[in-house]
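Chemist: Have a look; sequence and predicted model below, questions after that.
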Amino acid sequence: MQPTLERHAGRLKEPVSNKSVLFEKDDLSLSIFENHTDQLVSFESIIYQRIIHFYFCLEGSAIFGFGPHYSREIVQKKNYFFYNPEKDLPFQLQLAPHAKMVFLTISLESLHQLFIHEPLPFLKPENINQKFYDEREIPSHLLVELNQLFNIQLSDNANRLFYQGKILELLALYFSEKKPNTESCPFLNDQDTVRKIKNAKEHLLKHLIKPPSLKDLARLAGLNEYQLKAGFKEIYGNTVFGYLLDHKLNNARVLLDSKKYQVAEVAYQIGYTNPSHFIAAFKKKFGITPKKYLMKHAG
């Protein structure tokens, strides 16, 4: 039997106002999470090998902390899709105050059976042993279906059938979606360019401490600088180094939350040679100095 979300969700470190497993059977699960508090809520979880994970952020935001040097933030109306065929991948998920999320997991084998007549690109035999990650906007019609999970009132006898059907509906809607409209940016009409920009982002995130220059990053991606800057802004809503700074500061918050490091140590770990520059950047983003943040979250 494959692990399911309930079995690997882990113990919550702080109380969550509403955590509910709606459906769980073998390798399929559907859960909702809400943080009604004014504090960050953290818990440990794992992306299990050959289990596909969908994370839908309906309100607020959350940070996936993968070890001490790497994190990803998911924000309102965004969806992450994770698949790792190589190994189990532990992470810490931090839900911001008033965050609202839906988690869905399914094994690769079960998803493959649903699309056996028209395999998805990552399900094709030549791709199933490769890592897969996707980030998307949640379209309005899918948001309606996801929000329904928090409001529906059914009898106990009807619940299981409803949620099993809802999982299939969510998967159908998710995979029927085309990629984001790229008409507003002419460079993005070329899917090869989109792929190169995403590769540039992945390279940037792997070199948070010593990032390449814009010129070198463009060269590594096989683009000119204008293509990289315009395409990056269109896809990720930020400049290349604005995006990098956000990720570094989110990593800093994860390190501070671990309560293992002092402010200066965190600054050096995310690539600052001058802690005062880190303090200023952290305060600008989060509205509080790292030292006061540590004091506020002590205990």
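Modeler: That came through fine. None of these values were measured; they are calculated from a predicted model.
Chemist: Now the helix or strand hosting Asp246: buried residues?
Modeler: Following DSSP states H and E, one finds Asp246 within helix 240-257. Across helix 240-257, burial judged by 16 or more other CB atoms under 10 Å covers 240, 243-245, 247-257. Where you see a C-beta, it was placed from the backbone N, CA and C, and this is true even at glycine.
Chemist: Which members of the residues you listed are the farthest-apart pair?
Modeler: Pairwise distances among the buried residues of helix 240-257 were taken by CB to CB; the largest, 26.7 Å, belongs to Val240 and Asp257.
Chemist: gap between the helix holding Asp246 and the chain center?
Modeler: The chain centre lies 14 Å from the centre of helix 240-257; the measure is CA atoms, centre = their mean, to the nearest Å.
Chemist: Output it as PDB, restricted to C-alpha atoms.
Modeler: Extracted C-alpha coordinates of helix 240-257, given in PDB (Å, rounded to 0.1, in the frame of the first residue of the first chain):
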ATOM      1  CA  VAL A 240      15.200  38.200 -11.900                       C
ATOM      2  CA  PHE A 241      17.000  39.500  -8.800                       C
ATOM      3  CA  GLY A 242      13.800  40.700  -7.100                       C
ATOM      4  CA  TYR A 243      12.600  37.100  -7.300                       C
ATOM      5  CA  LEU A 244      16.000  35.900  -6.000                       C
ATOM      6  CA  LEU A 245      15.900  38.300  -3.100                       C
ATOM      7  CA  ASP A 246      12.400  37.100  -2.100                       C
ATOM      8  CA  HIS A 247      13.600  33.500  -2.000                       C
ATOM      9  CA  LYS A 248      16.700  34.400   0.000                       C
ATOM     10  CA  LEU A 249      14.600  36.200   2.600                       C
ATOM     11  CA  ASN A 250      12.100  33.400   2.800                       C
ATOM     12  CA  ASN A 251      15.000  31.100   3.400                       C
ATOM     13  CA  ALA A 252      16.100  33.400   6.200                       C
ATOM     14  CA  ARG A 253      12.700  33.200   7.800                       C
ATOM     15  CA  VAL A 254      12.900  29.400   7.800                       C
ATOM     16  CA  LEU A 255      16.300  29.500   9.400                       C
ATOM     17  CA  LEU A 256      15.200  31.900  12.100                       C
ATOM     18  CA  ASP A 257      12.100  29.800  12.800                       C
END
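Chemist: tell me the average confidence for that helix?
Modeler: Average pLDDT, helix 240-257: 86.
Chemist: immediately after it, which helix or strand?
Modeler: In the C-terminal direction from helix 240-257 (assignment by DSSP H and E), the next one is helix 263-269.
Chemist: List the contacts of that following helix.
Modeler: Helix 263-269 is contacted from outside by 68-69, 251-252, 255-256, 261, 274-275, 277-279, 290-291, 294, using CB atoms under 8 Å, 6 or more residues apart in numbering.
Chemist: So among the residues you listed, which ones count as buried?
Modeler: Buried members of these, counted by 16+ other CB under 10 Å: His69, Asn251, Ala252, Leu255, Leu256, Tyr261, Pro275, Phe278, Ile279, Pro290, Leu294.
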